[in-house]
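sharing a model prediction with you, sequence too.
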Amino acid sequence: MSDKPIIIGTRGSALALAQSNMIAAQCRAAFPKLTFELKIIKTTGDKLQTASMAQGELPKGLFTKELEVALLDGRVDLCVHSLKDLPTELPEGLMLGAVSKRVDVRDVLIYRDATHFKDAAKSGLRGFGPHLSAKDLPQGAVVATSSTRRRAQLLAMRPDLKAIEIRGNVATRMQKLAAQPEMDATILAFAGLTRLGYQLTPDGRIAGKDVPAGLFASIMDVDSMLPCVGQAAIGIETRTNDERIEKVCASLNDYPSFQCVTAERAFLAGMGGGCLAPVASYAEAVGDQIQMRAVSFMHGYKRTEAKRSIKEAAELGADIATKLK
């Protein structure tokens, strides 16, 4: 294998860098004689921080296009993505080369602590007790989320709730929640929180750098909030027929995770939607099979589940899409 440095393309957000540094560390451990360097590429999504996801204002591939251009023209050798951001249709000449071992796919409901904000009541900031679920939120509570998938499932569970838009990174969203009375709670991915070093404490709080005082966090169960396609998985995008990088990918890839996200991505492709579509799915490897649950709000509310051989991941996703169309 050539000793030329291998350049890893990444976004510059805190989460993207945390994930890319994790992948780089795995690469260095597997290939100690090689040099791996990060190259930050600014994407359209990074530049459009005020655009609305729910209103469909953001273009396809908003967090990946510029990285893919850099990959195709040789400025980088592989790209690290939050797999949920990677479109199911990749440009000619590119492929999903590996998927790292998937972590916890659940979402987290974050809200204010009533005891901490009791003196701020006159400002309209209200809080609640620990270990609150979405079902326990008061009538008409306002939940901030930019995800159509979360919004649809939340309102299916609690039609009385109100969902509003929120943008920004994890720390920014928590700061907005702590300061803005027009929202009562927000929802974030557990995997993103943990990769950024945040912790959920036994007494229901969230701890870590830049966490505003007085926030509680409750993990949401998968049955009430199915994750988006590819959530909690890191995808490695590469050029096709690049033997050098294929060897690197072989050391990074977790086969069960790869097959599970393959099923989910086949489902999303079959539904004809992108990452902004109001659909959700979760595939789990159980022995030599994959079992998968999915929900769609594209044409009314539909939900189903099925299982197939782990070798038939793409077929499973396509079958489920057919049932939910």
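Yes, it's here.

for stretch 139-147, buried residues please.
The neighbour-count check on stretch 139-147 (16 or more other CB atoms under 10 Å) flags 141, 142, 143, 144, 145, 146, 147 as buried. C-beta: built from backbone N, CA, C; applies to glycine.

and which of those residues is nearest residue 259?
Closest approach between these and residue 259, by CB to CB: residue 147, at 24.8 Å.

roughly how far does that closest one sit from residue 28?
34 Å (CB to CB, to the nearest Å).

what's the answer for residue 159, then?
Residue 159 is 50 Å from residue 28, by CB to CB.

who's more crowded, these two?
Per other CB atoms under 10 Å, whichever of residue 159 and residue 28 has more neighbours is residue 28, with 14 against 7.

hmm, back to that, which of the buried residues of stretch 139-147 lies closest to residue 70?
Of all the buried residues of stretch 139-147, residue 70 sits closest to residue 146, with 25.9 Å by CB to CB.

I figured the closest one hits residue 166, correct?
Yes - counting by CB atoms under 8 Å, residue 146 touches residue 166, with 5.7 Å between them.

got TSV for the buried residues of stretch 139-147, with distance to residue 297 and pLDDT too?
Formatted as TSV, these follow (distance: CB to CB, whole Å; pLDDT from 0 to 100):
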residue	distance to residue 297	pLDDT
141	20	96
142	20	97
143	16	98
144	19	97
145	14	96
146	16	91
147	12	93
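
what's the burial count for residue 220?
22.

isn't it right next to residue 187, touching?
Yes - checked against CB under 8 Å, the pair residue 220 and residue 187 is within contact range at 7.3 Å.

for the buried residues of stretch 139-147, give me a markdown table that also has secondary structure.
Formatted as a markdown table, the buried residues of stretch 139-147 follow (DSSP: H, G, I helix; E, B strand; the rest coil):
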| residue | secondary structure |
| --- | --- |
| 141 | coil |
| 142 | strand |
| 143 | strand |
| 144 | strand |
| 145 | coil |
| 146 | coil |
| 147 | coil |
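
excluding its backbone neighbours, what's nearest residue 271?
residue 321 (5.0 Å; CB to CB, 6 or more residues apart in numbering).

how is residue 283 assigned, secondary-structure-wise?
Applying three-state DSSP: residue 283 is strand.

which residues are in contact with it?
Contacts here follow CB atoms under 8 Å, 6 or more residues apart in numbering; on that basis residue 283 touches 259, 260, 261, 263, 264, 290, 291, 292, 313, 316, 317.

just flag the most distant two among those.
261 and 291 (14.3 Å).

who has more neighbours out of the two?
Counted by other CB under 10 Å, residue 261 and residue 291 do not tie: residue 261 has more neighbours, with 27 against 17.

isn't the more buried one right next to residue 229, touching?
Yes - under the criterion of CB under 8 Å, residue 261 makes contact with residue 229 at 7.4 Å.
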